[in-house]
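>>> sequence unknown, structure follows:
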């Protein structure tokens, strides 16, 4: 079965790239954060600290795998897996380059809905880790995670609705095509700035990264749902968070930054992958910048912001977009 | 029917997860078995060439409703209640459950064995999101609006219940 073989090979390459990306993203984050705080950052392992992720990985593998006595065993072991898997399978529908060579299933006509579904399921891992740890801090972290994700999912879904309206298709490949590759003003970030802003904010909240990292909140919750995890299980949570960072950046690029589009992609299709990667890295650096700059929000403010500001604005944006499309305003067809 | 073996395996997982839901003593496990059941249902829809229904099943049931269920169970600590602590349920709960279960089983048996299958299988329908949207807002607009009003009433009820005096 050549189709099966092709899909398997693509998936293996994708997983390899993502896991390498995860390792080096953690190094980049530490380096950039250090520079922003006027420190040097990790520079001991290898030239310029480039072997730091290898050292971290080896250290975590050789750590004793501790299973605390009070945990609910099946769920305790299942939870880290449930964090990593949704982050990885998000990539199934993302077109990382021009043409069918660089796509797994991005031409399915429900791609955007698939993204919303997988993002919704992704919270199970964190919630269950909090519950299975049988620890007050962990349980609070898990509860915060589910409340936060439920509140911000709505805004994210509605910002994707605006994009789907603009492209009049829910297929991610067609959403990229609809942004008129070759013309930077066709990008939805210019035609749908409100949706782009809402998606960016809700994505950070879904990731539970600073300034929305109430889920971990070291000072109050001693790292929240991860409190009872150590060794490779802890590394899996880390991996889940970073792979999801890459996935969410890739989604932002696909929805708002024209996906793989850029100059000369028609002549040299392989360039499209480079443009895509470049845009994703830019988004990742923005996220790290936000973490270094913004302090953590207060929890009631976070919930209030989600429900009383983001959701109504997102609904209004969908209505306005639909009206503009029906009226045939230029740029909105 | 090349999909038959796949459907049999999926059906077996579906039944096993439903049994797990009924038999687990812990509310969290019961909820997770239900999530597994919804997930298998979504895969069955995919095998039957209905990707739209499949992803809606995942995002609405598994992604939204069951997360809320899990949240409430964890918040109330309901998973640790022993049967003795439970408040008394509906009177005649057991006989009612047996009667309703038997009725449902009978209906399923009737549909499976007694009813004549249609002579020709119904034609393939367009299951793309655009086609589903079209029929939802034209042919089925009345039931659609009725369901919307029902949901709105439930929402207003929830807001009224949680308002401080």
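In hand now; what should we look at? These numbers come from a predicted model, not from an experiment.
>>> hmm, which helix or strand of chain A has the shakiest average pLDDT?
helix A:218-221 (a mean of 68; mean pLDDT, DSSP states H and E).
>>> Could you look up the SS state of residue B:116?
Look at residue B:116: counting by DSSP: H, G, I helix; E, B strand; the rest coil, its state is coil.
>>> That one: neighbouring residues, count only.
Neighbour count of residue B:116, defined by other Cβ atoms under 10 Å in any protein chain shown: 5. (Each C-beta comes from the backbone N, C-alpha and C, glycine too.)
>>> Pass me the low-pLDDT residue ranges in chain A, would you?
For chain A, the stretches with pLDDT under 70 are A:1, A:105-107, A:181-182, A:215, A:217-220, A:222-223, A:331, A:333.
>>> swap the cut-off to 50 and go again
Chain A contains no residues with pLDDT under 50.
>>> What residue in chain A comes nearest to chain B?
The nearest approach of chain A to chain B comes at residue A:120, 2.3 Å away (Cβ to the nearest Cβ).
>>> so what's the closest residue to that residue other than its chain neighbours up against?
Take residue A:120 and drop its neighbours on the chain: the residue closest to it by Cβ to Cβ, 6 or more residues apart in numbering or on different chains is residue B:63, 2.3 Å away. Contact analysis of residue B:63 by Cβ atoms under 8 Å, 6 or more residues apart in numbering or on different chains lists A:116-117, A:119-121, A:153.
>>> Among those residues, name the buried ones.
Those of those that meet the buried threshold are A:116-117, A:119-121, A:153, by 16 or more other Cβ atoms under 10 Å in any protein chain shown.
>>> Return the member of those nearest to residue A:166.
Comparing the buried ones among the contacts of residue B:63 against residue A:166 with Cβ to Cβ picks out residue A:116 as the nearest, at 16.4 Å.
>>> residues contacting residue A:148?
Contacts for residue A:148 (Cβ under 8 Å, 6+ apart) come out as A:205, A:208, A:212, A:214-215, A:302-303, A:306.
>>> which SS class is it?
helix.
>>> Just give me the neighbour total for residue B:49.
Residue B:49, neighbours per other Cβ under 10 Å, totals 11.
>>> Now the nearest residue to it once chain neighbours are set aside: which helix or strand?
Once flanking residues are discounted, residue B:49 sits nearest to residue B:127: 6.5 Å by Cβ to Cβ, 6+ apart. According to DSSP states H and E, residue B:127 maps onto no helix or strand at all.
>>> ok, now residue A:244?
Element membership for residue A:244 (DSSP H and E) is helix A:231-256.
>>> just to revisit the earlier point, neighbour count, distance to chain B and secondary structure for the contacts of residue A:148 - can I get that in CSV?
Listed next are these as CSV, based on neighbours: other Cβ atoms under 10 Å in any protein chain shown; distance: Cβ to the nearest Cβ, whole Å; DSSP: H, G, I helix; E, B strand; the rest coil:
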residue, neighbour count, distance to chain B, secondary structure
A:205, 26, 15, helix
A:208, 24, 14, coil
A:212, 23, 17, coil
A:214, 24, 15, helix
A:215, 28, 13, helix
A:302, 20, 16, helix
A:303, 18, 13, helix
A:306, 22, 15, helix
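>>> And the closest residue to chain A within chain B, its phi and psi?
As assessed by Cβ to the nearest Cβ, chain A sits closest to residue B:63 within chain B, at 2.3 Å. As for residue B:63, its main-chain torsions (degrees, to the nearest 10) stand at phi -80, psi -30.
>>> sorry, back to before: what's the spacing between the residue nearest to residue B:49 and residue B:55?
Residue B:127 sits 11 Å away from residue B:55, going by Cβ to Cβ, to the nearest Å.
>>> now swap in residue A:186 and tell me
Distance, residue A:186 to residue B:55, by Cβ to Cβ: 27 Å.
>>> With residue A:139 instead?
31 Å.
>>> What of residue B:48?
Distance of residue B:48 to residue B:55, given as Cβ to Cβ: 14 Å.
>>> same for the helix or strand bottoming out on mean pLDDT in chain B, what does it pack against?
None of the helices or strands of chain B scores lower by mean pLDDT, DSSP H and E than helix B:66-76, at a mean of 82. Helices and strands touching helix B:66-76, by 3 or more Cβ pairs under 8 Å, 6 or more residues apart in numbering or on different chains; DSSP states H and E, are helix A:123-132, helix A:136-167, helix B:27-47.
>>> Need the residues that contact the helix or strand just after the second one.
Using DSSP H and E, the helix or strand that follows helix A:136-167 in sequence is helix A:172-178. By Cβ under 8 Å, 6+ apart, the list of residues contacting helix A:172-178 from outside reads A:93-95, A:103, A:106-107, A:111-112, A:115, A:163-164, A:166-169, A:254-255, A:258-261.
>>> Show the buried residues in those residues.
Neighbour counting by 16+ other Cβ under 10 Å classes A:93-95, A:103, A:106, A:111-112, A:115, A:163-164, A:166-167, A:169, A:254-255, A:258-261 among these as buried.
>>> And for the residue sitting nearest the centre point of chain A, nearest residue in space, chain neighbours not counted?
Centroid check for chain A by Cα atoms, centre = their mean gives residue A:248 as the closest residue, at 2.6 Å. Nearest non-adjacent residue to residue A:248, counting by Cβ to Cβ, 6+ apart: residue A:203, 4.5 Å away.
>>> Can you give me the neighbour number for that neighbour?
Residue A:203 has 25 neighbours, counted by other Cβ under 10 Å.
>>> How about residue A:113?
Neighbour count of residue A:113, defined by other Cβ under 10 Å: 23.
>>> Would you mind naming what in chain A lies close to chain B?
For chain A, the residues in contact with chain B (Cβ under 8 Å from any Cβ of the partner chain) are A:75, A:108-110, A:113-114, A:116-121, A:123-124, A:127-128, A:130-131, A:139, A:142-143, A:146-147, A:149-150, A:153, A:170.
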